[in-house]
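1. Just need the structure, nothing else, for what follows:
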Amino acid sequence: MGAAMNPPDAIQELMALHASGRFAEMEVRARAAIKIASNSAILHEMLGIALCAQRRFEEALRSLRKAVARQPEDAHFHENLALCQRHLKQYEAAAESLRKSLQLRPHSVATLAALGSVLRSLRRLDEAEVVLRQALALAPQHVQTLCVLGNVLSNLGNNVEAETCFRTAIAVDPANPFALANFANVLVSTGRLAEACGAADGALNAIGAISSGAAPEACELAMFTANVLAGARQYTSAARIYLQVSKVRKLLTDALSAYSTMRQVCAWRITADTDAQCRNRRFSQDELDAISPHTGTMMAIMTASQQLEVARNHSQRFGRPAVLSAARQGATRDRIRIGYVSGDLCDHAFSRLTLPVFENHDRARFEVFAYDYTPPTPDDLRGRIEGAFDRMVSLHLLSDAAAAQRIAADSCDVVVDGTGWTQRTRSQLLRFRPAPVQVQWLGYPGTLGAPWCDYIVADKVLIRPGEEQFYAEKVIRMPFTYLPNGGDSVGDPGTRADHGLPGEAVVFCSFNQAYKVTADVFGKWMELLRQVEQSVLWLPGFREEVREALRREAETRGVSGERLFFAPFVAGHDRHLARLTHADLALDCCPYGSHTTGSDALWAGVPLIGLAGDTFASRVSASILPAAGLADLVTTSLADYHALALRYASDRQLLAALKARVAGCRSSPLFDSKRFARDLEKAYAAVVERSRAGLAPDHVAVSQLVS
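-> Okay, the predicted model is just below:
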């Protein structure tokens, strides 16, 4: 560019360079032109655009600010500044820039959509919805607006309208990957997994292969889609996408986002690398955002303090707590009204454990309601669940606010969240405070980190005295264990041969999900197989790729993969319990241990060798074993865990005596649902009494309460 070139000529050339994607050259030309016309707003703007295109946002910000300062009446300048600020996560500043642009062009649909997206990033969801509906009124088929509004509505628990938004967007632009991926996410949230996979596959086809040079936006959308597939239990497909992205960029945020998926496929070398990066790390905000609370519970390096930090960060994404005007005390009633809120009121571990408690609640003193958002899944247990409550209310078609309003209309004295931060959760609907006392129990093994949850039901093992600081809730300590189990009927066990097991072998088993199995624990299992002749390891019927991965791991540790046996899925919990009786020793996992699986093993008469750690999720075996009178089976190190299992497996007489002890534990407090219900009712009565007296929540030890 010659020194005599006029700014209009420079601008024309810069625009041509931008159109051809020659951004570095555009930067050079813009800097040269600014030396001649330093007061030209458009030249500073073009330099900022060139720098943004090279992802040098900090530098671009200075140029774009200069452009706005020189020409504040240009709406486009404010918009481009906001775009840069968004990339730098300066969301408050971006919102201000967009509002200034809207003062100049109040009917710009694209600007309104951008503002809605920024407000969503600021977790000001109600404001975002208002702005986005304004944009949609101006342009009902504006795809960007439809997609952002769909996400906002999904965040607000309004999946019905969110689905409509995404379907409309896809009808306008059938190959829009953003619309397809987020539509798939809504489908996962509502339990329509097959449909979700179809939409996710469409998104991936639209994104294309992730290879060297892929744009960051493509990588991020691919990672999002991978997490959607993981939510639909397509872990292998999700892991494959993550591995593609990891070849393009090495980001800890990606590794954290994919962590639970990689554990599901037993990709231990990858997760070990992530663990190493996270050890003693102070997480950035982006890293915290990438860690789901559930992921935090399965990371061995994660302390209880860090789990609290992760959970608090997660709870904040739903906005500030708000109190509904309809929420009121039920103090005039003779009976305390309990409302259980859950998305797992079906043939699920939560319901199998809690159903006997629901049925044994003292109806003379308590009314028991259920607020249900379980995906439609007819099963044999559902009818019994429905019969266990005085009233069962569906929240399916209601947004979070409307669902909370519906709960509040019943004036429950206490509501109990039975899902927590697990898949398809809607725990956030309790942020509206539909009841004066709000408790979480059993659904999630750790703190919710949420200011709207008053209490967590635990015991003295799960949360030891002095550890209350690691929980956002006050602690209700049950006298024996927090985990009830009424004990299902056990079907006909048949023979070992009926289940493909060798008749004379020592059968070790662990029916935990794949993500609970770690390299360290698996290594100890393989040591046991090497040391105990004619022993085998019995595992759930994992997907074929997981079975093959575990067989390969066994071979590398000197154990034939043929000594690993995988139990196929069986319909009916009684049939599973029946076959479980053929095991000799159940082996715990850590840091996410045996919960329902451990309790089931004891009911089936199988001793559980427990391995306790330092967090809630790692101590459940240490909670249930003493409640069964088997405290001596709890270990606190891998070495002791291995030694204790080896001791019993190596001595058939000693093992037989132990199994006789375990057979007698059916009469223990662990399996006494009536006693558990009475103890839980004492806790409910105590916390409701405090609330009615105007007292703040405080820790409760049930063993010290009088009926």
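2. Return the set of buried residues in the host helix or strand of Arg65.
-> In the assignment (DSSP states H and E), Arg65 maps to helix 57-70. Within helix 57-70, the residues scored as buried using 16 or more other CB atoms under 10 Å are 57, 59-61, 63-68, 70. For glycine as for every other residue, the C-beta is placed from the backbone atoms N, C-alpha and C.
3. low-scoring stretches of the protein, by residue?
-> 1-7, 325-332, 707 (pLDDT under 70).
4. what's the domain layout of it?
-> The chain breaks down into these domains under automatic domain parsing: 1-106, 336-478, 497-671.
5. for these, which one ends up most surrounded?
-> The highest mean neighbour count among these, using mean count of other CB atoms under 10 Å, belongs to domain 336-478: a mean of 21.
6. now the end-to-end length of it.
-> One end of domain 336-478 sits 19 Å from the other (CA to CA, to the nearest Å).
7. Is Ile241 part of a helix or strand, or is it coil?
-> At Ile241, secondary structure determined by DSSP: H, G, I helix; E, B strand; the rest coil is helix.
8. ok, it - how many residues close by?
-> 24 (other CB atoms under 10 Å).
9. Can you list the helices and strands that the strand or helix carrying Gly296 packs against?
-> Using DSSP H and E, Gly296 sits within helix 293-297. Packing partners of helix 293-297 (3 or more CB pairs under 8 Å, 6 or more residues apart in numbering; DSSP states H and E): helix 252-264, helix 304-316.
10. would you put the C-alpha positions of the first one in PDB?
-> Think helix 252-264. Output of helix 252-264 as PDB, limited to C-alpha atoms (Å, rounded to 0.1, in the frame of the first residue of the first chain):
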ATOM      1  CA  LEU A 252      -7.100 -29.900  30.000                       C
ATOM      2  CA  THR A 253     -10.700 -28.600  29.700                       C
ATOM      3  CA  ASP A 254     -11.400 -31.200  27.000                       C
ATOM      4  CA  ALA A 255      -9.800 -33.900  29.000                       C
ATOM      5  CA  LEU A 256     -11.900 -33.000  32.000                       C
ATOM      6  CA  SER A 257     -15.100 -32.900  29.900                       C
ATOM      7  CA  ALA A 258     -14.300 -36.300  28.500                       C
ATOM      8  CA  TYR A 259     -13.100 -37.900  31.800                       C
ATOM      9  CA  SER A 260     -16.200 -39.800  32.800                       C
ATOM     10  CA  THR A 261     -16.600 -41.100  29.200                       C
ATOM     11  CA  MET A 262     -13.000 -42.400  29.100                       C
ATOM     12  CA  ARG A 263     -13.600 -44.100  32.400                       C
ATOM     13  CA  GLN A 264     -16.700 -45.800  31.000                       C
END
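11. what comes up buried for that helix?
-> Going by neighbour count (16+ other CB under 10 Å), the buried part of helix 252-264 is 252-264.
12. So which residues of the chain form strands?
-> Assigned by DSSP state E, the strands in the chain fall at 336-342, 366-372, 391-394, 414-417, 437-440, 455-459, 474-478, 506-509, 535-540, 564-567, 585-587, 608-611, 634-635, 700-701.
13. Any chance you could list what contacts the fourth one?
-> The contact list for strand 414-417 (CB atoms under 8 Å, 6 or more residues apart in numbering) reads 336-342, 371, 407, 427, 430, 434-441, 443, 448, 453, 684, 687-688.
14. one step back: between the helices and strands packed on helix 293-297, which gets nearest to Glu127?
-> With respect to Glu127, and counting by CB to CB, the nearest of those is helix 304-316 at 15.9 Å.
15. tilt between the closest one and helix 252-264?
-> Here helix 304-316 runs at an angle of 110 degrees relative to helix 252-264 (axes from the mean of the first three to the mean of the last three CA atoms, to 10 degrees).
16. what does helix 304-316 rub up against?
-> Taking contacts as CB under 8 Å, 6+ apart, the residues outside helix 304-316 that touch it are 123, 283, 285, 288-289, 291-293, 295-297, 302, 421, 428, 431, 446-451, 467, 469-472, 614-616.
17. Recalculate using a threshold of 7 Å.
-> Applying CB atoms under 7 Å, 6 or more residues apart in numbering, the contact partners of helix 304-316 are 123, 288-289, 291-293, 296-297, 421, 446-450, 467, 470-472, 614-615.
18. just stretch 518-530 next, same as before
-> The contact list for stretch 518-530 (CB under 7 Å, 6+ apart) reads 268, 272, 300, 508, 535, 537, 553-554, 557-559, 563, 587, 589-590, 638, 641-642, 645-646, 649.
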